[in-house]
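>>> task: produce atomic coordinates for the following.
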Amino acid sequence: MKPANNIWIQKEQCPCGDWKCFIKYEVEEQGEACQPTKDGISSSSSSDAVFAPYVGQIFKSDDEAFEFYSNFARRNGFSIRKARSTESHNLGVYRRDFVCYRSGFNQPRKKVNVEHPRDRKSVRCGCDAKLYLTKEIVNGVTQWYVSQFSNVHNHELLEDDQVRLLPAYRKIQEADQERIVLLSRAGFPVNRIINILELEKGVQPGQLPFIEKDIRNFLRTCKKTVQENDALLTEKRVTDMMELLEACKAMSERDVDFVFDFLTDANGKVENIAWSYGDSVRAFNLFGDAVQFDITYQSTTYGMLLGLLSGIDNHGKPIFFACVLVQEENPHAFVWAIQTVVQFMRGRHPQTIVTDLEPGLRDTIATALPNTKHVISIWYIMSKLSSWFSLPLGLKYPEFKSEFEMVCYVESMEDFEQLWSLLITRFGLGSDKHISLLSSCRASWAFSYIKDCFVARITTAEYMKSIDSFLKGVLDEQTCLQVFFEQVGLAVRLGCGAKEEMRFIHLKTCMPIEEHGQGILTPYAFGVYQHELVLSVQYAVIEMAKGSYVARHYKKVEGECLLIWISEDEQIHCSCKGFEHSGILCRHALRLLISKNYFHLPDKYFPFRWRWDSSFIPMDQESSRPVKEEHYHALHSLTDTLVTESLVSKERFNYAHKELTTLLDHVKNMAVDELTPEISTNNFSES
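Just a heads-up that it's a prediction; the model follows:
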């Protein structure tokens with residue numbers, strides 16, 4: 001255990017509250033790792049042939065020779081140990097003897113004065129298998145060669161599933177050591193630790209490269225080291241927290257809009273601390289209507305829980321609001337964190353706050369933010385389904401997952417309750433603790449209950465993946481909290497989702513309301529708006545009584561939606577609650593407005609948070625706007641002609657392909673300047 005690095009990990013305690021229920025956080029693997037085999041050796045190395053040593057074989061060092069001989073021994077059912085070594089004044093150690101683990105005989109021990117001395121049977125039987133090394137210097141280069149080798153044993157050799165249990169091969173790697181210590185300190189018994197490691201490594205029970213006895217011996221051996229490290233970590237926590245506090249004070253002197261607050265314990269030590277930047281506070285005024293409070297990361301070095309408040313800007317990028325570090329994971333700490341952040345934001349409360357399934361947050365949010373709707377991210381729930389239900393359901397799990405997803409997005413509360421009960425009964429999950437947990441908080445995650453809550457699209461998988469990627473980028477191994485503080489500040493200045501190239505989205509329907517939306521909405525918001533507009537033509541609108549309408553898909557692939565139209569103030573309400581949920585009109589409402597010959601939508605259906613005008617990052621007016629439609633059509637006309645002419649012959653095709661590839665590379669490397677209004681089709685001429 002080394003207290004030098006501050007390692008952030010994602011919490012692995014199940015939200016059901018049972019410490020015996022281990023939940024592994026599912027992450028996307030980067031590349032394919034070598035898969036462990038039953039003997040604990042990766043498959044990449046198990047396929048490599050290990051030849052028998054021979055007299056005269058040369059090695060660069062004695063360690064290299066020992067590793068080679070050890071691999072050979074393992075493949076052949078025995079282990080080796082180092083015997084005697086011979087040295088001289090001039091050469092140092094010039095001979096190494098490696099022998100079979102059963103070589104020689106144990107010397108009788110002196111009898112101790114105990115009533116029942118333990119009579120341990122020795123495994124040594126005088127085996128003569130050996131490998132002797134001799135050092136020599138050739139042309140000034142030191143090397144070792146095999147001077148004697150014997151592979152004759154006077155005992156049975158072990159099979160593959162037995163040789164791995166020999167003490168020489170029962171090694172606990174450093175990564176496993178850290179994991180074992182962490183789980184032990186969390187209160188997990190040794191047998192449970194073994195189960196967890198088997199689950200993480202994906203090996204069958206009993207197939208780890210070490211046994212329960214090895215873990216017990218390791219924990220006993222490192223107990224003193226852990227105690228010493230605890231003392232070092234305690235001192236490091238106090239020192240680094242004071243440095244973090246000083247960094248906050250220094251930042252407040254440089255930036256008058258920077259805000260921070262902290263809480264001390266009975267001994268005057270910093271217990272909780274929170275901070276936010278001036279840019280973050282100003283961004284909250286624009287995009288703080290829907291926020292996410294992420295508390296899934298904790299520091300193994302400082303024993304602190306990280307709370308990150310974030311949202312989404314008008315370009316669909318994550319944006320940072322505030323950061324909180326708390327010592328204890330309890331309602332009192334959560335209440336302090338949320339109230340402090342609200343104070344930073346000058347008392348403004350978000351409309352909606354999205355969290356994971358942390359049980360303590362429900363009551364906390366209800367107390368600290370009574371007028372804010374609490375939504376549990378369905379993305380988080382879906383990422384845990386496999387851990388919760390794949391084992392009890394077995395082969396039925398894929399079917400359960402498919403039906404679970406369908407039930408999640410049912411629009412009617414009555415239909416949801418009915419289908420939810422049928423789902424539980426059908427798969428026999430009535431007594432399952434995770435189903436009980438989901439049932440108790442279904443009003444916070446089931447779509448039928450939260451569809452009228454404004455979430456600004458922060459519950460989409462796209463946003464959740466981007467914020468997860470941002471957190472992993474910030475929460476790298478840091479030597480101290482001050483470095484972490486500086487890195488968070490850098491992320492805020494650059495923007496969690498730094499402004500990317502503004503991609504042009506051309507019109508698809510040629511409807512006036514599409515062109516109207518393109519000039520007002522950012523490319524991200526317009527892309528969502530355009531998608532709904534394109535799908536709107538698949539619906540028929542049937543007028544009912546008293547200003548009500550029914551929107552029905554032409555293939556009847558989904559249920560009908562009820563629309564209410566109030567002509568006096570141009571209000572439209574759809575039962576799907578698409579506009580209330582995301583701030584962008586749904587396909588059903590757009591279909592009704594089109595049928596009423598609307599060429600421009602009322603301004604209230606283009607919320608300010610999705611407009612170009614709400615961009616927090618100052619941008620040039622001309623360069624920030626999308627490319628004009630005539631510019632697109634000018635280039636599109638040229639490329640159509642080019643494609644037609646190039647396909648006449650193979651020679652033309654090869655020439656056009658080569659020149660276009662060069663041209664594209666050149667354009668990509670050009671500086672991005674604003675596209676001036678004077679550009680028109682007349683500027684293009686054929687060569």
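>>> which residues touch Leu647?
Phe653 (C-beta atoms under 8 Å, 6 or more residues apart in numbering). Placement of C-beta: from N, CA and C, glycine included.
>>> kindly list the main-chain dihedrals of it?
phi -90, psi 0 (degrees, to the nearest 10).
>>> any idea how far it is from Asn654?
Counting by C-beta to C-beta, to the nearest Å, the separation of Leu647 from Asn654 is 12 Å.
>>> with Ile58 instead?
When distance is defined by C-beta to C-beta, Ile58 is 56 Å away from Asn654.
>>> got it, and Gln418?
Distance from Gln418 to Asn654, by C-beta to C-beta: 64 Å.
>>> also Arg96?
Taken as C-beta to C-beta, the span from Arg96 to Asn654 is 66 Å.
>>> can you list the low-confidence ranges for the stretch 51-200 of the chain?
The stretch 51-200 of the chain contains residues with pLDDT under 70 at 108-121.
>>> which parts of it are helices?
Along the stretch 51-200 of the chain, counting by DSSP state H, counting those that start in this stretch, helices occupy 62-75, 160-163, 174-185, 190-201.
>>> helices and strands of this protein: which one has the lowest mean pLDDT?
Lowest on mean pLDDT, DSSP states H and E among the helices and strands of the chain sits helix 43-46, with a mean of 38.
>>> run through the residues that contact the closest residue to Phe287 other than its chain neighbours.
Closest residue to Phe287 apart from its sequence neighbours, by C-beta to C-beta, 6 or more residues apart in numbering: Gly311 at 4.8 Å. Contact analysis of Gly311 by C-beta under 8 Å, 6+ apart lists 283-284, 287-292, 318-319, 321, 456, 458.
>>> now do the SS call for Gly311.
Following DSSP: H, G, I helix; E, B strand; the rest coil, Gly311 is assigned to strand.
>>> and it, bridged to which residues?
Beta bridges link Gly311 to Ile319, judged by DSSP bridges.
>>> and His349, its phi and psi?
According to degrees, to the nearest 10, His349 has phi -100, psi 140.
>>> now do Tyr409
phi -100, psi 20.
>>> tell me, how many residues neighbour the residue lying closest to it once chain neighbours are set aside?
The shortest distance from Tyr409 to any non-neighbouring residue, by C-beta to C-beta, 6+ apart, is to Phe447 (4.8 Å). By other C-beta atoms under 10 Å, the residues close to Phe447 number 18.
>>> which residues are in contact with Phe447?
With C-beta under 8 Å, 6+ apart, Phe447 has these contacts: Ile378, Cys408, Tyr409, Val410, Glu411, Phe416.
>>> quick one, phi/psi of it?
phi -60, psi -40.
>>> ok, it to Ala266 distance?
Using C-beta to C-beta, Phe447 is found at 46 Å from Ala266.
>>> same check on Trp612?
52 Å.
>>> of these two, which one has the most company?
Each of Trp612 and Ala266 has its neighbours counted (other C-beta under 10 Å); Trp612 has more, 19 against 6.
>>> looking at it, that one is touching Tyr524, isn't it?
No: counting by C-beta atoms under 8 Å, Trp612 does not reach Tyr524; the two are 10.8 Å apart.
>>> next, show the common contact partners of these two.
Listed contacts common to Trp612 and Tyr524 are Asn314; contacts here mean C-beta under 8 Å, 6+ apart.
>>> buried ones in stretch 653-661?
Counting neighbours by 16 or more other C-beta atoms under 10 Å, one finds that stretch 653-661 has no buried residues.
>>> how far does it sit from its chain's centre?
42 Å (C-alpha atoms, centre = their mean, to the nearest Å).
>>> mind naming the longest helix for the protein?
Counting by DSSP state H, the longest helix found in the chain is helix 212-254.
>>> and the next helix or strand past that helix?
The helix or strand immediately downstream of helix 212-254 is strand 259-264, counting by DSSP states H and E.
>>> give me the contact list for that next one.
Contacts for strand 259-264 (C-beta under 8 Å, 6+ apart): 245, 248-249, 251-252, 270-276, 281, 336, 340, 343-344.
>>> buried set for it?
For strand 259-264, by 16+ other C-beta under 10 Å, it's Val259, Phe260, Asp261, Phe262, Leu263.
>>> run the angle between that strand and helix 212-254 for me.
130 degrees (axes from the mean of the first three to the mean of the last three C-alpha atoms, to 10 degrees).
>>> test my guess that Asp128 contacts Asn151.
No: Asp128 is beyond contact range of Asn151, at 9.7 Å (criterion: C-beta under 8 Å).
>>> can you put the buried residues of strand 259-264 in a markdown table and add distance to Gly360?
Formatted as a markdown table, these follow (distance: C-beta to C-beta, whole Å):
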| residue | distance to Gly360 |
| --- | --- |
| Val259 | 25 |
| Phe260 | 24 |
| Asp261 | 21 |
| Phe262 | 21 |
| Leu263 | 17 |
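>>> out of those residues, who's nearest Leu660?
Val259 (53.4 Å; C-beta to C-beta).
>>> quick one, grab the pLDDT at the closest one.
Looking at Val259, its pLDDT is 93.
>>> about what we covered before: and the gap between the residue nearest to Phe287 and Tyr169?
In terms of C-beta to C-beta, Gly311 sits 52 Å off from Tyr169.
>>> equivalent analysis for Asp415, please.
58 Å.
>>> tell me which of those two has more neighbours.
Tyr169 (17 against 13).
>>> that one against Ser79, yeah?
Yes: Tyr169 is within contact range of Ser79, at 6.4 Å (criterion: C-beta under 8 Å).
>>> between those two, what contacts are shared?
Val163.
>>> so where do the helices sit in the stretch 251-400 of the chain?
278-287, 331-344, 359-368, 378-393, 397-408.
>>> Ile467: which of the ones you listed is closest?
Short answer: helix 378-393, nearest of the helices of the stretch 251-400 of the chain by C-beta to C-beta, at 10.2 Å.
>>> Pro392: neighbour count?
Neighbour number of Pro392 under other C-beta under 10 Å is 14.
>>> check what pLDDT the residue lying closest to it once chain neighbours are set aside gets.
Of all residues not flanking Pro392 in the chain, Asp432 sits nearest, at 6.9 Å (C-beta to C-beta, 6+ apart). pLDDT, Asp432: 91.
>>> and the gap between Asp432 and Leu438?
Counting by C-beta to C-beta, the gap from Asp432 to Leu438 is 9 Å.
>>> give me the more crowded residue out of those two.
Leu438 (25 against 18).
>>> I'd guessed the more buried one sits against Leu429; true?
No: between Leu438 and Leu429 there is no contact, the gap being 9.8 Å when judged by C-beta under 8 Å.
>>> and the strands in the stretch 1-150 of the chain?
Assigned by DSSP state E, counting those that start in this stretch, the strands in the stretch 1-150 of the chain fall at 8-10, 58-59, 80-88, 92-100, 130-138, 141-150.
>>> of all these, which lies closest to Ile193?
Nearest to Ile193 among those is strand 8-10 (16.1 Å), distances taken as C-beta to C-beta.
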